[in-house]
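Colleague: Let's see this in three dimensions:
(one chain, ligands or ions: 1)
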Amino acid sequence: MAETPCILDARIPGGPLADKWQRYQADVKLVSPANKRKYRVIVVGSGLAGASAAASLAELGYQVDCFTFHDSPRRAHSVAAQGGINAAKNYRNDGDSVERLFRDTVKGGDYRSREANVYRLAEISNQIIDHCVAQGIPFARDYGGYLDNRSFGGAQVARTFYARGQTGQQLLLGAYGALSRQIHAGQVRMHTRTEMLDLVVDNGRAQGIITRRLTDGRIERHRADAVVLATGGYSNIFYLSTNAIACNVTATYRAYRRGACFANPSFTQIHPTCIPAAEDHQSKLTLMSESLRNDGRIWVPRAAHDDRPASTIPDEERDYYLERLYPAYGNLSPRDISSRAAKAVCDEGRGVGPTGHGVYLDFSEAIGRLGEKVMSDRYGNLFAMYERITGEDPWKVPMRIYPAAHYTMGGLWVDYELTTTVPGLYAIGEANFSDHGANRLGASALMQGLADGYFILPITIGRYLAGSTPAPSDTAGAAFDEADSSIRERLDRLVATGGRTPVETFHRRLGELMWEHCGMSRERSGLETALQEIPALREEFWDNICVCGGSEEFNVVLEKAGRVADYLEFAEVMVRDALEREESCGAHFRVEHQTGGGEAKRDDENFAHVATWMYQGDDKVPLRRTEPLAFEHLALAERDYR
Ligand SMILES: Cc1cc2nc3c(=O)[nH]c(=O)nc-3n(C[C@H](O)[C@H](O)[C@H](O)COP(=O)(O)OP(=O)(O)OC[C@H]3O[C@@H](n4cnc5c(N)ncnc54)[C@H](O)[C@@H]3O)c2cc1C
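Modeller: Now for the predicted structure:
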């Protein structure tokens, strides 16, 4: 058997950076309009990435099957996105351009992303806004009626388009509208409350998926000419995160087990502005949008253990530490840097609130300067949400915030065409390893998900389909049989264990372990401890898990147990990735690799690459394969936000 090459080829088109995407589109093989209807594409996921892809593919004429475990596409986690979506329109005339958005994104990601993809993303950002405005998305407008913008972290321009604090919801309604049109037209078959549990690969190509109907437990087979995973991120591996409770890694992890390389699994974004955990029994954390940092000032008392009420601490006894440390970007410093700075001041005993794990986000100055009406128009619903959750009124006292797990830059490795290492399998949105390198800038996830779904995948998938013969819909055959029976066995094993420990307990323990050893900062000794503790926890899970009810019925505990079982395997891949990357970059902060000033210290000579992991078998260490990153347009430089 031929040996698997250790270097991955992203198949980036030649030519100047700014021309690559235009040239690709001009050169790519097309499927003729009359032939498109002969091809069937499975899209798993109906968030912004999945809904936009399914609608666009159907609009082109392909037959589409779209799956979601939710009861409606509108419940995808994308609905929670608050702050906004970036685009290089330069409406403010403040110096923005495609080139600047590209540079900010590569720098923000600490030079661990692919130049060609990021440039394409910046170019497409402008098309997304036009498309969404045409759909009727109610973006905020200024007094003159023009689209308004605000700033997000890691940028010195205002390029974020927003719809109050509900940008994700409004964008999702737009994508859902486009999807619904295609469902009505018969081009999309929508499968709600249906969870993908395995990928079927035959002859080295993705041929379909195995699903479980969540309403009655029925296992079903689905065949298609190509499979697209748009299944979101996996920050919930930390148990406490800002993600919706149901977000999980199962679809991408199952694809990994079937041959798709998983890229940078340990690159996790810790968001600096979340409401701090209040008690031990909490199962969810709430994000306070980064947009609040446009007008909120972050501070802690200068003295340790100062428990006076915020309003009684005079200005000269406050430390506006981001403004002090990073004057050029101040409160809008990127997320990884702001999170670490918050942890550092809390570790010094200067944290606020009952647990000491909190810093102030203070609006008093902005309220005085802009008035309540302007502040309410900008942040009204976020203020109300904060008060509902904490019982404290941010109009009167500063918010308390603390970093929390939020977004996963890691995901399935994809080449320039968004194809994984399994031909016929695509990954889009947060499910792929994306264009954000080691740290995503705020308001760039929605941009990437919609660029993938509306504009990139519908073009690139044509090249693959044009070279393949439409498959029959028949789901018989050894590959389908094997995937189907392995899923049934696994589900039966979960219900047969008969243990006494609830799934939630295992998830919480895994989350604590991952946060401790593979969270905001990582260290060799801790990562090695995690590599020993995860298999032990997994063994305990399979001995003691308590799943009531059967597998062939509605069973929410079984659903969760399957997802946690996958987390317990995937956690090891994450830790291994963090251990092997002997440098700090972006959100990946290895304590051993820091500058004298405590900033992330990259090792470009040895780690200017995407690290991917390839499954080799249950008891084997996965194979590490890399994609070297070439910086031809931008010179590698130390990130500096001072
Ligand atoms: C609180 C919060 C606020 C945010 N705010 C912003 C913001 O202001 N700007 C920004 O750019 N980004 C923001 N983000 C990030 C952004 O919201 C997400 O990265 C993005 O919405 C992900 O979209 P997606 O389509 O890739 O995945 P999702 O929206 O998570 O959708 C995943 C879909 O896959 C389905 N699915 C998953 N697994 C399976 C399976 N096994 N079988 C069947 N279906 C499955 C789900 O049902 C769902 O339909 C925010 C994130 C959070 C947590």
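
Colleague: Check for me that Met190 belongs to a helix.
Modeller: No - secondary structure assignment (DSSP: H, G, I helix; E, B strand; the rest coil) places Met190 in strand, not in a helix.

Colleague: which residues sit in contact with it?
Modeller: By C-beta atoms under 8 Å, 6 or more residues apart in numbering, the contact list for Met190 reads Ser46, Cys66, Thr68, Pro73, Leu179, Ile183. Backbone N, C-alpha and C define where each C-beta goes, glycine included.

Colleague: And the second one, which helix or strand is it part of?
Modeller: Taking DSSP states H and E as the criterion, the element that holds Cys66 is strand 63-67.

Colleague: Contacts for that strand, please.
Modeller: With C-beta under 8 Å, 6+ apart, strand 63-67 has contacts from 37, 39-46, 50-51, 54, 57-58, 73, 179, 182, 187-191, 194-196, 209, 211, 222, 224.

Colleague: For ChimeraX, what selects the buried ones among those residues?
Modeller: Remark: buried members of those, expressed as a ChimeraX selection using 16 or more other C-beta atoms under 10 Å:
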select :39,40,41,42,43,44,45,46,50,51,54,57,58,73,179,182,187,188,189,190,191,194,195,196,209,211,222,224
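
Colleague: Of the contacts of Met190, which pair is most distant in space?
Modeller: Thr68 and Ile183 (12.3 Å; C-beta to C-beta).

Colleague: More neighbours: the two, which one.
Modeller: Between Thr68 and Ile183, counted using other C-beta atoms under 10 Å, Thr68 has the larger neighbour count: 26 against 18.

Colleague: Helices of the stretch 151-300 of the chain, start to end?
Modeller: Taking DSSP state H, counting those that start in this stretch, the helices of the stretch 151-300 of the chain run over residues 167-184, 250-257.

Colleague: Check which helices and strands the biggest helix by length in the chain is in contact with.
Modeller: Secondary structure of the chain read by DSSP state H shows that its longest helix is helix 364-390. When contacts are defined as 3 or more C-beta pairs under 8 Å, 6 or more residues apart in numbering; DSSP states H and E, helix 364-390 packs onto strand 399-408.

Colleague: Following the chain past the helix or strand where Ile459 lies, name the next helix or strand.
Modeller: Taking DSSP H and E as the definition, Ile459 sits inside helix 457-466. Using DSSP H and E, the helix or strand that follows helix 457-466 in sequence is helix 478-496.

Colleague: Name the nearest residue to the closest residue to the ligand within the stretch 501-642 of the chain, sequence neighbours excluded.
Modeller: The minimum distance from the stretch 501-642 of the chain to the ligand, using C-beta to the nearest ligand atom, falls at Arg563 (8.4 Å). Spatial nearest neighbour of Arg563, chain neighbours left out: Asn248 (4.1 Å); criterion: C-beta to C-beta, 6 or more residues apart in numbering.

Colleague: so who does that neighbour touch?
Modeller: Contacts for Asn248 (C-beta under 8 Å, 6+ apart) come out as Tyr234, Asn236, Arg563, Asp566, Tyr567.

Colleague: Any figure for the gap between it and Gly233?
Modeller: Asn248 sits 9 Å away from Gly233, going by C-beta to C-beta, to the nearest Å.

Colleague: do Asn294 as well
Modeller: 25 Å.

Colleague: For the ligand, what's the nearest residue on the stretch 351-500 of the chain?
Modeller: Gly429 (2.5 Å).

Colleague: That residue touches Val228, doesn't it?
Modeller: No - counting by C-beta atoms under 8 Å, Gly429 does not reach Val228; the two are 9.7 Å apart.

Colleague: which neighbours do those two share?
Modeller: Gly50.

Colleague: Contact partners for the closest residue to Gln187 other than its chain neighbours?
Modeller: Nearest residue to Gln187 in three dimensions, chain neighbours excluded: Ala58, at 3.6 Å (C-beta to C-beta, 6+ apart). Shown in contact with Ala58 (C-beta under 8 Å, 6+ apart): Val64, Leu179, Gln182, Ala185, Gln187, Val188.

Colleague: The residues you listed also near the ligand: which ones?
Modeller: Subset of the contacts of Ala58 in contact with the ligand: empty, counting by C-beta under 6 Å from any ligand atom.

Colleague: Now for Tyr109, how many residues are close by?
Modeller: For the record, residue 109 is Gly, not Tyr. Neighbours around Gly109, by other C-beta under 10 Å: 29.

Colleague: Excluding chain neighbours, give the residue nearest to it in space.
Modeller: Gly437 (2.2 Å).

Colleague: Quick check, the one you found in contact with Asp104.
Modeller: No - in this structure Gly437 lies outside contact range of Asp104 using C-beta under 8 Å: 11.6 Å.
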